[in-house]
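# Coordinates only, no sequence provided:
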């Protein structure tokens with residue numbers, strides 16, 4: 001059975017048309033065709049049927065290839081249009097190509113018609129895929145825009161170079177009193193939004209030092225001249241190759257006024273520790289509270305006396321409890337080995353239980369208490385509510401996830417195999433990382449990188465990605481460029497994880513036999529080693545364009561056989577446990 005090809009032939013000579021048909025059939029096409037030789041017949045055929053390609057003679061008694069091309073363009077079809085001519089000069093050929101023909105073939109060289117048709121059909125399919133990808137990207141952008149505009153805080157995107165505003169959300173006018181039209185193209189300096197110009201300089205300094213700002217409190221000036229208190233969070237991002245700044249401004253005037261009123265009413269009745277908005281605490285070496293300030297009631301709903309009867313660890317949510325236990329265990333181990341810090345200082349983000357059954361995210365900063373012999377005898381610290389900060393972080397993270405999804409969709413439209421492969425590898429890599437008890441943030445980075453690890457294949461010819469036979473050595477060399485290409489695409493995106501490097505290294509191997517840089521051992525990121533194992537397992541256990549699935553048993557045998565040679569031993573063991581003991585199954 002040949003390749004189906006619906007062909008409209010514009011030719012006045014039936015014998016010449018039959019010659020074209022025989023050449024295409026001999027070239028492997030199964031033709032459904034129709035011959036026309038007038039403009040009217042051509043228009044009627046194009047409007048009546050769906051065609052894969054149009055092949056036209058150039059010179060006909062009552063029609064011409066150029067006229068046929070004009071009619072073809074008028075109808076607005078996006079399929080190949082090829083001229084087949086017995087006599088056509090170079091100037092005429094060049095002119096008809098400029099006018100929109102995809103190729104021309106001389107009748108005395110008809111064997112060239114088959115590869116020309118094959119090539120133009122591929123190009124036509126590629127154009128369709130690009131349109132689908134562009135539509136998906138537009139849809140993703142629309143979703144992001146909708147989310148951007150509906151966030152309850154004031155959001156603004158400005159150019160980093162000159163500070164000029166390029167977009168604001170719907171709540172901008174509620175916070176500042178300016179309409180969108182009044183601020184686009186202007187800077188915060190020109191609009192006099194900062195009540196204290198020094199705050200603008202301080203936020204700029206923070207951005208320069210760390211690339212972001214979190215919950216910076218300042219006074220803002222509204223259009224009316226009224227001053228409001230706000231919390232400002234900002235992050236650098238790149239939009240269409242231009243460095244920009246995403247700023248979230250939350251009006252906290254009422255909250256600050258309430259806080260001030262509360263502090264004013266209590267200032268004559270509390271000690272220094274009790275005046276602190278944050279929760280001050282002291283723990284013994286069993287991690288039980290020996291002191292906790294009254295502000296804990298605001299944070300968690302408990303009276304201090306209630307918490308003095310409970311372990312500080314028991315009140316943490318499971319993931320936070322594990323993190324706290326690991327941290328304090330490490331501190332104790334360092335103390336026993338004589339390598340402890342002096343003083344010990346740590347900052348953790350922990351989810352704590354509240355008395356009403358809800359939870360609150362906190363930032364806990366603590367340091368060591370030592371006796372006169374410098375022995376560690378306790379922990380003192382401060383707990384702060386970071387719920388609002390985490391909410392702002394999550395909003396930014398969602399925008400980042402949407403960007404990653406848009407990137408993945410772009411790759412998927414060129415290679416449907418890669419789409420399913422990336423999703424399955426991302427899920428399996430995440431599961432391996434969880435099995436290894438890695439930090440939550442590291443797991444998120446692994447999942448994100450795995451979801452787009454084959455983005456570099458966008459630079460590989462589509463026919464190689466879906467080739468139904470094994471690749472030649474030259475073709476495989478082209479495929480191998482995808483990890484470096486992926487790195488080049490991602491390296492300038494400001495992810496909170498080393499996504500570009502993970503993508504670059506996911507074909508490196510522990511013994512240095514991988515590519516593109518022949519890295520070995522600890523020179524390869526742990527995230528990259530996890531992605532490598534998940535990538536191999538999924539590839540072997542799934543159908544490939546050139547072979548059927550080898551099965552998960554074969555994949556695990558490959559990983560076990562090369563444990564410590566090609567693949568990291570800890571990752572290999574985690575993958576085996578995941579399949580054999582945890583009964584993990586790949587997603588569809």
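Yes, it's here. These numbers come from a predicted model, not from an experiment.
# From residue 129, how far out is the residue positioned nearest the centre of the chain?
In the chain, the residue lying closest to the centroid (CA atoms, centre = their mean) is residue 404, at 1.7 Å. In this view, residue 404 and residue 129 are 20 Å apart by CB to CB, to the nearest Å. Every residue, glycine included, has its C-beta placed from N, CA and C.
# Equivalent analysis for residue 330, please.
Residue 330 sits at a distance of 51 Å from residue 129 (criterion: CB to CB).
# Compare these two (neighbour count), which wins?
Neighbours were counted for residue 330 and for residue 129 using other CB atoms under 10 Å; residue 129 has more, 16 against 11.
# Give me the phi and psi angles of the more buried one.
phi -60, psi -40 (degrees, to the nearest 10).
# The residue nearest to the centre of the chain - that's part of a helix, no?
Yes: under DSSP: H, G, I helix; E, B strand; the rest coil, residue 404 sits within a helix.
# How about the contacts made by it?
By CB atoms under 8 Å, 6 or more residues apart in numbering, residue 404 lies in contact with 448, 451, 452.
# are any of the residues you listed buried, and which?
Buried members of the contacts of residue 404, counted by 16 or more other CB atoms under 10 Å: 448, 451, 452.
# Identify, from those, the entry nearest to residue 116.
Nearest to residue 116, judged by CB to CB, of these is residue 452 at 35.5 Å.
# which residues of the stretch 101-250 of the chain fall in strands?
Taking DSSP state E, counting those that start in this stretch, the strands of the stretch 101-250 of the chain run over residues 103-106, 154-159, 165-168, 212-221, 227-239, 242-251.
# Adding mean neighbour count and distance to residue 517, write these out as TSV.
Formatted as TSV, those follow (neighbours: other CB atoms under 10 Å; distance: least, CB to CB, whole Å):
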stretch	mean neighbour count	distance to residue 517
strand 103-106	19	41
strand 154-159	20	36
strand 165-168	20	38
strand 212-221	17	30
strand 227-239	18	25
strand 242-251	19	28
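# Count residues in the vicinity of residue 78, would you?
8.
# Likewise for the one 5 residues further on?
Residue 83 has 25 neighbours, counted by other CB under 10 Å.
# Name the residues linked to it by a beta bridge.
Per DSSP bridges, the residues bridged to residue 83 are residue 56, residue 104.
# Am I right that it is in contact with residue 99?
No: using CB atoms under 8 Å, residue 83 is not in contact with residue 99, being 10.2 Å away.
# Residues in contact with both of those two, list them for me.
When contacts are counted by CB under 8 Å, 6+ apart, residue 83 and residue 99 are jointly contacted by residue 69.
# separation between the nearest residue to residue 224 once chain neighbours are set aside and residue 171?
Using CB to CB, 6 or more residues apart in numbering and skipping residues adjacent in sequence, the residue nearest residue 224 is residue 177, 5.7 Å away. To residue 171, residue 177 is 12 Å away according to CB to CB.
# who are the neighbours in contact with the residue lying farthest from the centre of the chain?
Distance from the C-alpha centroid of the chain peaks at residue 61, with 58.3 Å (CA atoms, centre = their mean). Residues in contact with residue 61 (CB under 8 Å, 6+ apart) are residue 12.
# Break the protein into its domains for me.
3-128, 151-257, 273-385, 397-580 (automatic domain parsing).
# Check those domains for me and report the most buried one.
Mean neighbour count (mean count of other CB atoms under 10 Å) peaks for domain 397-580 among the domains of the chain, with a mean of 18.
# Low-confidence bits of the stretch 201-350 of the chain, can you list those?
Within the stretch 201-350 of the chain, the stretches with pLDDT under 70 are 262-276, 338-343.
# mean confidence for the strand or helix carrying residue 384?
Assigning secondary structure by DSSP states H and E places residue 384 in strand 376-385. If you average the pLDDT over strand 376-385, you get 87.
# Please compute how far that strand lies from its chain's middle.
37 Å (CA atoms, centre = their mean, to the nearest Å).
# Next, the nearest residue to residue 128 once chain neighbours are set aside: secondary structure please.
Nearest residue to residue 128, sequence neighbours excluded (CB to CB, 6+ apart): residue 78, at 7.5 Å. Following three-state DSSP, the label given to residue 78 is coil.
# ok, residue 78 to residue 127 distance?
Using CB to CB, residue 78 is found at 6 Å from residue 127.
# Quickly find the element holding residue 277.
Here residue 277 is assigned to no helix or strand, by DSSP H and E.
# Phi and psi next, for the residue lying closest to it once chain neighbours are set aside.
Spatial nearest neighbour of residue 277, excluding adjacent residues (CB to CB, 6+ apart): residue 295 at 6.3 Å. Phi and psi for residue 295, reported as degrees, to the nearest 10, are phi -60, psi -10.
# is it true that residue 253 touches residue 226?
No: Residue 253 is not in contact with residue 226 according to CB under 8 Å; the separation is 9.6 Å.
# check contacts around the closest residue to residue 371 other than its chain neighbours.
The shortest distance from residue 371 to any non-neighbouring residue, by CB to CB, 6+ apart, is to residue 377 (5.0 Å). Applying CB under 8 Å, 6+ apart to residue 377 gives the contacts 284, 285, 369, 370, 371.
# Make TSV from those and add secondary structure to it.
Listed next are the contacts of residue 377 as TSV, based on three-state DSSP:
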residue	secondary structure
284	coil
285	coil
369	strand
370	strand
371	coil
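# what two of these are the furthest from one another?
Pairwise distances across the contacts of residue 377 (CB to CB) peak at 13.4 Å, for the pair 284 and 370.
# and stretch 193-212, how far out from the chain's middle?
Here the centre of stretch 193-212 is set off from its chain's centre by 28 Å, with CA atoms, centre = their mean.
# Could you do stretch 90-108 as well?
Between the centre of stretch 90-108 and the centre of its chain there are 44 Å (CA atoms, centre = their mean).
# From residue 332, how far off is the closest residue to residue 353 other than its chain neighbours?
In space, residue 353 comes closest to residue 315 once its chain neighbours are excluded; the distance is 4.9 Å by CB to CB, 6+ apart. Per CB to CB, residue 315 is found 20 Å from residue 332.
# picking up where we left off before, please report how far the residue nearest to the centre of the chain lies from residue 423.
12 Å.
# Could you do residue 538 as well?
Separation of residue 538 from residue 423 (CB to CB): 10 Å.
# next one: residue 218
According to CB to CB, residue 218 stands 43 Å off from residue 423.
# beta partners of residue 10?
Taking DSSP bridges, one obtains residue 36, residue 56 as the residues bridged to residue 10.
# show me the contacts for it.
35, 36, 37, 42, 54, 55, 56, 57, 60, 63, 65, 68 are the contacts of residue 10 under CB under 8 Å, 6+ apart.
# can you pull up the bridge partners for the closest residue to residue 293 other than its chain neighbours?
Once flanking residues are discounted, residue 293 sits nearest to residue 280: 4.3 Å by CB to CB, 6+ apart. Beta-bridge pairing of residue 280 under DSSP bridges involves residue 382.
# quick one: residue 280 and residue 382, what's the gap?
6 Å.
# ditto for residue 335
22 Å.
# How about residue 236?
29 Å.
# same question, residue 293
For residue 293, the distance to residue 382 - CB to CB - is 9 Å.
# repeat for residue 474
63 Å.
# Could you do residue 286 as well?
Note on residue 286: its distance to residue 382, by CB to CB, is 20 Å.
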